[in-house]
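Got a predicted structure plus its sequence, pasted below:
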Amino acid sequence: MEAVMPVAASSNLAPDAGASARDAELAGLVPTRLRVDIIVRRQFFKHEEYYVLKDPLALTYFRLQAEEAYILSLLDGKRTLLEVARQVAARYPNNPRSLPDLAGFINQLTAGGLLNQNAGRFVENARRSPGQNLMGLWTKLVGSLLFFKIPLIDPSPWLGRLAHALRFVWTKWFVGAALVLFAWTFGLLLANLDAFTSNALDFFSAGNLALLWVTTIFIKTLHEFGHATTSRHFGGEVHEMGVCFMCFTPCGYVDASDAWMMRHKRHKLYVTIAGVFTELIIACVAAHLWLVLPDGLARGLAFNAMIVASINTLLFNANPLMRFDGYYLVCDLLEIPNLRSKAIAYCSYQLQRIFLGYRNHQQEQVFEQDSQGRIFVVYAVLAYLYMMFIIYSLTQIFARVLQPYGLHEFGLWLGFLVQGSFLMFPIIKVIADAIKPGAHIEKTGSTRRRVLGLVGFLALAVALSFFIPTRYYVSQQAVVMANAGEWVASEAGGTIREVHVRTGQWVEPGQLLVTLENPEVRAELVIQAAELTQARLLFGAVAGEAAWAAGEERARLAQGLEVAETAYARAAAHVGQLEVRSKVAGYVLTPDLGRMPGNYATSLHPLLRIADTRELRLVVPLTEDQAQLVEEGNHVDGRWQGTGRAFETRLDAISSQPAKKNEFHHGMLSYFGGPAPVQVLQQQDANFPVFLASAPLGRIANVPVEGLRVRVSISGRETTVAQRFGRWFLSLWKVHGSRS
C-alpha cells in the first residue's frame with residue numbers, strides 16, 4: 001500500500017504581521033477539493049485512528065492519520081490556505097502547522113492524484129520528471145532486470161462467480177482438513193526419504209528444466225487465483241492479474257491491494273497467505289502422486305510440481321526479505337506498512353548521521369517511532385545480504401550456462417559488474433538522500449572530519465590486514481582407515497560358490513576366503529590340457545629321427561609345445577584364481593557375507609576388505625583448493641560423528657596427485673550422521689579432482705570396521721588476514737589462487 005507520509009510539524013501558526021512575503025502569498029491561495037470518486041474508509045491501526053483512501057481509477061491506496069484526514073476534509077475549493085491553517089490550529093492546538101507545511105502536504109495529495117486539478121496543471125505535473133544520475137539509472141536497470149511484471153487480464157467480470165462456487169474453501173472444516181493434510185504429507189515424505197535418492201528424474205536436465213518452467217507458470221497462476229478469489233470472497237476488488245519475472249523465473253501476481261480497504265485485519269491476512277496456502281495444497285497432492293506413480297513423464301511432472309509448490313514458494317513467496325506474500329504478511333503482523341522503504345530510509349538516515357554528520361529531516365518523517373529502529377536495521381541488512389546472495393547465485397548459473405561456449409569468464413565478469421553495482425547501493429543511497437532537493441539537511445558536525453576519519457580508519461584496517469597473522473582452516477568429513485589393508489578380488493571372475501570366512505574373523509596370508517565357479521575358465525583348462533597332450537605326442541613322434549628334415553619339424557613342434565605349456569599354465573592359473581586367498585593378515589571387514597553366494601563377481605571386482613584395524617589412520621578427502629591450504633604437520637582437531645568424542649592428531653601425508661578410484665572409501669559419501677552406504681564406490685570419474693590427506697590415529701579400542709566418519713578441522717598454512725580474505729573472495733567467484 002502506498003502511503004502519503006505526514007509532513008514535519010512547525011512551531012509557527014498562521015502568518016501574522018511579521019509573516020514573510022512567501023507566507024502572505026500562500027495565505028490567499030485556495031486549494032482544490034478532494035475528488036468526488038475517492039473512497040475513504042476509517043480504520044484502526046496500532047489502536048490509533050487512520051483513514052484509508054482508494055483511488056478507483058489508478059487503483060492506488062493511501063493511509064492518512066486522523067489529523068491529515070481532517071485537513072483533507074477542509075479542502076472544499078472555497079477555503080483559503082490561511083483559513084485551513086486556522087481551523088487546524090483550533091482543532092489540534094498542540095500540533096500547529098505552518099503555511100509551507102500545509103502547502104507541501106497539499107502538493108503531495110495533488111501529486112498522488114487525490115485532488116481535482118485543471119488540465120494545465122495536470123500537463124505541467126506530467127512533464128515534470130525528477131532527474132537521475134547514471135548510477136541511479138544503472139541501479140534501476142539492474143532492478144528492472146531482476147524483477148518486472150506483465151499485466152495480462154482483468155478477472156473482475158467472472159471472479160465473483162468463481163469465488164461463490166468455491167465458498168466452501170474458506171470454511172473452518174476445510175482449513176482444518178488442509179492443515180492435517182500438510183502434516184500427514186510431511187510425515188509421509190520423511191518416512192520415504194529413500195525415494196528421493198532413488199528418483200530416476202534428472203532434475204537439472206534440459207528437458208526437465210523446460211517442464212519445470214511450464215509447471216512453475218501453471219502453479220503460480222493457481223497461486224494468484226488463491227489471492228484473487230480470497231480477496232473477492234471477503235469483499236475486495238481485483239482488476240489486474242498477470243505474470244512477473246523474478247530473477248528470470250516466472251511467477252504469477254495479482255493486484256489485491258483492495259485488501260487495505262477491508263475493515264477486519266484478519267481478512268487482509270487471509271488474502272495475503274491464500275497464495276501460499278493454495279500452493280501447499282498442490283504440493284501435497286503432487287507428493288502423493290509422485291510416491292505412487294511409476295517412473296515416467298507423469299511422475300516427473302508430479303515431482304516438479306511438488307518442488308515448485310513447496311520449496312520454491314517457501315523460499316520466495318513466503319520469504320519476507322522479498323516483496324511477495326511473506327513480506328506483506330510481516331508488514332501486517334508488525335503493523336509497519338512499507339517496511340522495506342522505511343527500513344532503507346532509516347538506515348540511510350543513520351549512516352548520514354554517523355558518517356556525514358547530517359540530520360535529514362525529510363527522512364525523519366518516514367519513521368513510525370524510534371523503538372522500531374532495531375527492526376528497520378535488522379530487516380534492511382538481511383534483505384540486502386539476501387539480494388547479494390541471489391545476484392551471486394544467478395551469476396554462477398549464468399557463467400555455467402555460458403561455459404560450453406567458452407564464455408565462462410565473460411559470465412563471471414558480468415557478475416562482477418552487477419554484484420559491484422549492488423554492493424555500492426548503500427553508498428549511492430546515502431549520497432543521493434543527502435543531496436536530494438528538499439532534504440532539509442542539518443549539520444551536526446564536521447563532514448570533512450568524519451569522512452577523513454572513516455577513510456583513514458578503513459585504510460589503516462586494510463594496511464594492518466596485510467600484517468596480522470592467521471591461518472587457513474579446512475573443515476571436512478574424514479573416514480577411519482587401517483594402516484595396512486587391501487581389497488581382495490579375483491582376476492578370473494565368476495559366480496560366488498562359497499565364502500569360507502565371516503565378518504570380523506582374523507585371517508592369515510594365504511588363507512582361503514572365497515571360492516568361485518566359472519565353467520568357461522574350467523573349460524579353457526580342459527581345452528589347453530588336450531592341446532598340451534597333443535603337442536607332446538607330436539613332438540615325441542619326431543624326437544628320435546636323425547634326418548635333416550626331421551630336425552626342422554622337431555624345432556617347429558618344440559616351439560608349439562612351449563606355447564601349449566604356457567597356455568596351459570595360464571589356464572591353470574585362472575582356475576587357481578577361482579579360489580580367492582588373502583595376501584595380508586587382518587580382519588575381514590566386509591559385512592553381509594551370507595548374501596554373497598550365488599552372485600556373479602566380475603573380473604577384478606572387489607569382494608572382501610581385509611585390514612588390520614588395530615592400527616588406524618584418518619583419510620581426509622580435499623578439493624584442489626583445500627589441498628593448497630594444508631601441509632604436513634598441520635594440527636587436526638577431530639570429533640567422532642557417532643559419539644561426539646574429540647581427539648587431536650597431525651597430518652603426516654598429503655597426496656600430490658588426484659586420488660584414484662580405488663582409493664575412495666564409501667564412508668566419504670555420506671554426511672550429517674546418517675547411515676554410511678556399504679556398497680563399493682562405482683568405477684566412474686569424479687566431477688572434480690579429489691586429493692587425500694591422512695593423519696595417524698594409533699591404536700583405538702572398540703573400532704571393529706573401517707569407514708567410521710569423523711568431523712575434522714585442520715589448522716592449515718600460516719597466512720595473513722588480507723591473503724585469507726583475498727583467497728576466499730577468489731574462491732567465491734570460482735577463480736583459483738596460486739599454491740604459494
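Ah, there it is.

I figured A287 hits T185, correct?
Yes: judged on C-beta atoms under 8 Å, A287 makes contact with T185 at a distance of 5.2 Å. (Each C-beta comes from the backbone N, C-alpha and C, glycine too.)

which residues do those two both contact?
Common contact partners of A287 and T185 (C-beta atoms under 8 Å, 6 or more residues apart in numbering): none.

any idea where the helices of the stretch 301-450 of the chain begin and end?
In the stretch 301-450 of the chain, the helices defined using DSSP state H, counting those that start in this stretch lie at 325-334, 339-351, 361-364, 373-402, 408-423, 425-435, 447-465.

try the stretch 601-740 of the chain
So, for the stretch 601-740 of the chain - with DSSP H, counting those that start in this stretch - the helices run 624-627, 721-732.

List the buried residues for the first one?
Residues of helix 624-627 classed as buried by neighbour count (16 or more other C-beta atoms under 10 Å): D625, Q626, A627.

repeat for the last one
Using 16+ other C-beta under 10 Å as the test for burial, helix 721-732 gives V721, A722, Q723, R724, R727.

my read: R42 touches E49, true?
Yes: counting by C-beta under 8 Å, R42 touches E49, with 6.9 Å between them.

Okay, and the beta partners of T515?
E498, E579 (DSSP bridges).

how close does it sit to A601?
Counting by C-beta to C-beta, to the nearest Å, the separation of T515 from A601 is 11 Å.

In this protein, which strand is the longest?
In the chain, ranked by residue count with DSSP state E as the criterion, the top strand is strand 469-482.

Now render the buried residues of helix 624-627 as a markdown table, adding distance to L99 and pLDDT.
Output for the buried residues of helix 624-627, formatted as a markdown table (distance: C-beta to C-beta, whole Å; pLDDT from 0 to 100):
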| residue | distance to L99 | pLDDT |
| --- | --- | --- |
| D625 | 67 | 84 |
| Q626 | 69 | 87 |
| A627 | 74 | 89 |
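
where in the stretch 601-740 of the chain is pLDDT low?
Counting by pLDDT under 70, the ranges of the stretch 601-740 of the chain that qualify are 661-663, 665-688, 701-705, 733-740.

At which residues are the strands of it located?
608-611, 616-622, 635-640, 646-650, 653-654, 691-698, 709-720 (DSSP state E, counting those that start in this stretch).

helices or strands up against the last one?
Packed against strand 709-720, as judged by 3 or more C-beta pairs under 8 Å, 6 or more residues apart in numbering; DSSP states H and E, are the following elements: strand 469-482, strand 616-622, strand 635-640.

can you give me the angle the shortest one makes with strand 646-650?
It stands for strand 635-640. 150 degrees (axes from the mean of the first three to the mean of the last three C-alpha atoms, to 10 degrees).

And for strand 635-640, what's in contact with it?
Against strand 635-640 from outside (C-beta under 8 Å, 6+ apart): 478, 618, 620, 645-651, 695, 708-715.

give me that answer again for 6 Å
A646, F647, E648, T649, R650, A695, V710, R711, V712, S713, I714, S715 (C-beta atoms under 6 Å, 6 or more residues apart in numbering).

ok, now the second one?
The set of residues that contact strand 616-622 without belonging to it, under C-beta under 6 Å, 6+ apart, is 476, 478-481, 483, 668, 690-697, 700.

Show me which of these is closest to S231.
Closest to S231 out of the contacts of strand 616-622 is Q476 (51.4 Å), distances taken as C-beta to C-beta.

ok so, going back, between T515 and A601, who's got more neighbours?
Neighbours were counted for T515 and for A601 using other C-beta atoms under 10 Å; A601 has more, 20 against 16.
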